[in-house]
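*Asks:* The following comprises the amino acid sequence and a computationally predicted model.
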There are 2 protein chains.
Amino acid sequence: MAAPALDGIVVLDLGQIYNGPYATFLMAMAGARVIKVESLVGETLRGRGETSSAAYPFAMLNQNKESITVNLKTDKGKVLFRKLVEKADVLVENFSPNTMAGLELGAEALLEVNPRLIYASGSGYGRSGLHRDFLAMDITVQAMSGVMSTTGMEGMPPMKAGPAICDFFGGVHLYGAVITKLFERERTGKGAIIDVAMQDAVLPTLATLIGAYYYKGREVQPRTDNRHPALTMAPYNVYPAADGHVSIICVRDSHWRSLTRAMGRHDLLEREDLARMADRASKMEEVDALVSEWTAPRGKQELLHAMQAEGVPSAVVRNVEEVLADRHLHDRGMLHDIHHPVLGDIVLLDSPLNVAFGDAVEPRLPPALGEHNSRVYGELLGLDKAALDELAAQEVI
Amino acid sequence: MAAPALDGIVVLDLGQIYNGPYATFLMAMAGARVIKVESLVGETLRGRGETSSAAYPFAMLNQNKESITVNLKTDKGKVLFRKLVEKADVLVENFSPNTMAGLELGAEALLEVNPRLIYASGSGYGRSGLHRDFLAMDITVQAMSGVMSTTGMEGMPPMKAGPAICDFFGGVHLYGAVITKLFERERTGKGAIIDVAMQDAVLPTLATLIGAYYYKGREVQPRTDNRHPALTMAPYNVYPAADGHVSIICVRDSHWRSLTRAMGRHDLLEREDLARMADRASKMEEVDALVSEWTAPRGKQELLHAMQAEGVPSAVVRNVEEVLADRHLHDRGMLHDIHHPVLGDIVLLDSPLNVAFGDAVEPRLPPALGEHNSRVYGELLGLDKAALDELAAQEVI
C-alpha cells in the first residue's frame, strides 16, 4: 500500500477537549505522526477519567496518536519542548490566548526556533479583536454566533444544537488551515501562524438565516422550529410517524409531484393551487396537515421507502443507537467495532476524510499518559534511559 | 504581498447550493482560480433568483469565482469540458451519485484525461454503501445522522439545528480532503478520487452524545434541552435575562466559585454540598434556579461583563442582526460591508481561513452567469470570438 497522505509530517498536539484534538485526529488518521504533548496530569478530557462520560470522546479523538508528558512550567521542560519544536512540522494548541506566550512559547518565539513551523491556534473568538479574551466553550459560542437564536420554536427560549458543532467546526477548519499552509510551504519553505476562531468557523452555516433576514426587509425572523428559516419552502418539516418521525423536503415542484404519488394522492397532483412552491409556502399549514395525515398512522421505514422510491428527499429521524448500528456506515468504513478496556465492546468513528479517500483503517485506541516518552524523546532528541529517568525524577516529564 | 496559499491552482467548480460551493469558496478565498461551471440556466441556487431568500447565500458562497456556461448534455459540451479538465488541478461536484458517470464524465474517465486531477465529490451519504442513492439535503441528513434526535426538549419532537450544519460540515471536510490530496500530489504526482459524505462529516460532533449513551449503560438518553447531554455538568444551561438570554458553563469547580463571586453570593461559596461538579449535577434543578434568580432581573450585557470579569465561561444569546453588527467580527476581518445591486448595503462573510491566515480581503461579488466565458475559453483553450459565438449559437455554452 502507498504511504498515507501526510506520511512524514510530525505534529505536536497540545490540544485539549474537542477543538484542537479533532484537527490533530484528522491529521493522525491521514498518516501524520501526532505526538500528544500533555502535562504531568494529562489533558482536561483525559483528566475526566475512563469511567466518565468523557471516556468515549477521548477514545475517539485520540486514536493513532502518541502521548508524551512535559511540564512546560519548568525551565528544563521548556528546553525539551523547544528541541521538539525544531523537529516538528506542525504545532496545534487550543489554550486560552495568552497561555503559550505566558510560557515564553508563543508563536513568534517558536517560529524563531523553527522557521518552517506551522503554528496553529484554535480558540473561541480568535487571537485578535475585542472579544479575544472571552472564555469560550461550545455552548457559549453557539450563543454568541447566532446558532442558538435560530434554533428552536417561536415563542420559546433559544435552543442549543445538541451536538458540539462549534468545537468541531473550529477543529475541521483548523485542519484545513494547517494543510493549506503545509501545501504553501512546499513552494515557499516558510512556516506560518494560524488563528482559527470557532465563531468565525460556524458563521457560514447561518447563510439561510442571514438570507431570510435581508429578504424579509431586515427583520430578525422568529425561530421556525423544523420549518424553512425563511418559510419559503413547503413541504419542509419533520412529520410524525406511527413509531417516530420522518423529515421531508421538496426543493423543486417535481418533488411535490413525486410526494403526492408516494402518498397515493392523485387528487393533490391536480390541485393547481398547490403546484408551485410559492403557493405551497403560502398554504404551509394546510400542506403540512396533508402530509402529516399520511405519515402519522404509518411506520417510518415504510414511509421512507415509499418516498425514496418516488425520488422525494426524505429521511427517518434516528437516535444514537440506530446510528451506531447503521449497516451503511459500517460498510463504508465510518464505524468500526472495537473492544475498549473500560467501556467494553463499542463502536468507534473513523475519520470522515479517511473514508473519503477509501482509506478507512482499523482503529487504534488512544495512548496512556506518557506512553511514548522513551520512544519520542529517544528517537527525536536522542535521550537515553538514564536521562529520561532523571527528568522523570525531577518531574519535568 | 506574497502570493496566496493556493496561487496557481485551477478548480472546476460544478458545485450547487451549499455543500460543494462552500468547499470551492474556501479555495477561491485562499487564492485558487475557481471556475464555476454552470448549465445554461445556472446552478440551482442562482436559479432561485436575485430577489429570493437565496440571493444572500449565493452572493456569499460565490465570491471571487469566475462563471462559465457549458451544456454537458451535448457532445460538443463534453469535448470542451474534457479539455478544461486537462488544464485543471481540482474538480468539485455535489450532484447525485450517478450524474457525472451518466454524462460519461465520471471520476475514473476524467482521471484518464488528466491523471493529476483531484476529483472531489460531495454527497449526503457517500458514493458507496446501502444508502448511496438516498436523496439528501441538509434537513434529511440532520435526521439520519442523529443531530435531530439529540436537539430539543424531552418529551417534545426532535428538533433541527437552525443552521445548515450538514451542508457545511460536508463542505469544509471536502475542502480539507482536496488540500490533503494536493499536498500528497506534490510528492506522488498523482491525482485522486475523493468521496466526502455529509453524514460522515457531521458524526464526530455527536461525541458527547455517544459518550452519554455508553456511560449510561447503553441507554438512549432523552433530549436535554440546553443542558449537558449526559447531565454531568452544572451550571450548564441557557438562563433568562431581563432583555434576552445568557449561556453559562462551569467546566471546573473553580468556575463555580468564580460565578458565585460574580453573583455576589458568598454564602453559596461556602456551601460544601455544591462545591464539587458531581454534587452540583445531582442538584441541577436547585443550581439552575439559583443562577436564574440572579440572571432573570438583570440585563444580558451586565451579566456577561460581571461573569467575564470573574473568569466564568459565559455569553449572551445574539440574533442574526446583532451578529452582523458585531464590532469584533468586523475588526477581525470576518465581516465586510458591501453594496449588493439588489440587496443594497449588506454585510458579507469572509472565509474563516483567510481570517485565520491574517489575509482577510475585500469581498468581490459573484459573477454573472457565463460572465467569464470568453476569458476562460480564450485563455485556457485558445478559442477565439468566432468559435465562441458559434458555440453560443448552438447552445453549447
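*Replies:* Thanks, I have it.
*Asks:* Look up how far A:His173 lies from A:Ile194.
*Replies:* 10 Å (C-beta to C-beta, to the nearest Å). Where C-beta positions appear, they are placed from N, C-alpha and C, glycine not excepted.
*Asks:* hey, what's in contact with both of these two?
*Replies:* Shared contacts of A:Ile194 and A:His173 (C-beta atoms under 8 Å, 6 or more residues apart in numbering or on different chains): B:Ala356.
*Asks:* low-scoring stretches of chain A, by residue?
*Replies:* A:1 (pLDDT under 70).
*Asks:* Could I get the full set of helices for the stretch 251-397 of chain A?
*Replies:* Applying DSSP state H, counting those that start in this stretch to the stretch 251-397 of chain A gives helices spanning A:253-263, A:266-269, A:277-282, A:284-295, A:300-310, A:320-324, A:327-332, A:352-357, A:373-381, A:385-393.
*Asks:* how about A:His266, what does it touch?
*Replies:* So A:His266 contacts A:Thr260 (C-beta under 8 Å, 6+ apart).
*Asks:* What of A:Arg132?
*Replies:* By C-beta under 8 Å, 6+ apart, the neighbours of A:Arg132 are A:Pro97, A:Ser123, A:Tyr125, A:Gly126.
*Asks:* shouldn't the third one be in contact with A:Gln199?
*Replies:* So that's A:Tyr125. Yes. With contact defined as C-beta atoms under 8 Å, A:Tyr125 reaches A:Gln199; the gap is 5.3 Å.
*Asks:* For the two, indicate the residue with more neighbours.
*Replies:* It is A:Gln199, of A:Tyr125 and A:Gln199, that has more neighbours when counted by other C-beta atoms under 10 Å in any protein chain shown, with 32 against 28.
*Asks:* if we can go back for a sec, intersection of neighbour lists for A:Tyr125 and A:Gln199?
*Replies:* In contact with both A:Tyr125 and A:Gln199: A:Ala136, A:Val141, A:Met144, using C-beta under 8 Å, 6+ apart.
*Asks:* what's the neighbour count on the last one?
*Replies:* Applying other C-beta under 10 Å, we find 30 residues neighbouring A:Met144.
*Asks:* Tell me the gap between the helix or strand in which it is found and the middle of its chain.
*Replies:* Using DSSP states H and E, A:Met144 falls within helix A:138-145. A distance of 15 Å separates the C-alpha centroid of helix A:138-145 from that of its chain, computed with C-alpha atoms, centre = their mean, to the nearest Å.
*Asks:* That one vs chain B: in contact?
*Replies:* Yes. Using C-beta under 8 Å from any C-beta of the partner chain, we find that helix A:138-145 touches chain B at A:Ile139, A:Thr140, A:Val141, A:Gln142, A:Ala143, A:Met144, A:Ser145.
*Asks:* who touches that helix?
*Replies:* So helix A:138-145 is contacted by A:18, A:124-125, A:131, A:134, A:136, A:147-148, A:158, A:160-161, A:164-167, A:198-199, A:202-203, A:206, B:226, B:236, B:238, B:245-249, B:313-318, B:323 (C-beta under 8 Å, 6+ apart).
*Asks:* Which of these fall within strands?
*Replies:* B:Tyr236, B:Val238, B:His245, B:Val246, B:Ser247, B:Ile248, B:Ile249, B:Ser314, B:Ala315, B:Val316 (DSSP state E).
*Asks:* Restrict stretch A:337-351 to CA atoms and write it as PDB.
*Replies:* C-alpha atoms of stretch A:337-351 as PDB (Å, rounded to 0.1, in the frame of the first residue of the first chain):
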ATOM      1  CA  ASP A 337     -16.400  -2.400  16.300                       C
ATOM      2  CA  ILE A 338     -13.700  -2.400  18.900                       C
ATOM      3  CA  HIS A 339     -13.100  -3.500  22.400                       C
ATOM      4  CA  HIS A 340     -12.400  -0.700  24.900                       C
ATOM      5  CA  PRO A 341     -10.800  -1.800  28.200                       C
ATOM      6  CA  VAL A 342     -13.400   0.100  30.300                       C
ATOM      7  CA  LEU A 343     -16.300   0.700  28.000                       C
ATOM      8  CA  GLY A 344     -16.400  -2.800  26.600                       C
ATOM      9  CA  ASP A 345     -17.400  -3.500  23.000                       C
ATOM     10  CA  ILE A 346     -18.100  -0.200  21.400                       C
ATOM     11  CA  VAL A 347     -18.400   1.400  18.000                       C
ATOM     12  CA  LEU A 348     -15.700   3.800  17.200                       C
ATOM     13  CA  LEU A 349     -15.800   6.500  14.500                       C
ATOM     14  CA  ASP A 350     -13.200   6.700  11.800                       C
ATOM     15  CA  SER A 351     -12.100   9.900  10.100                       C
END
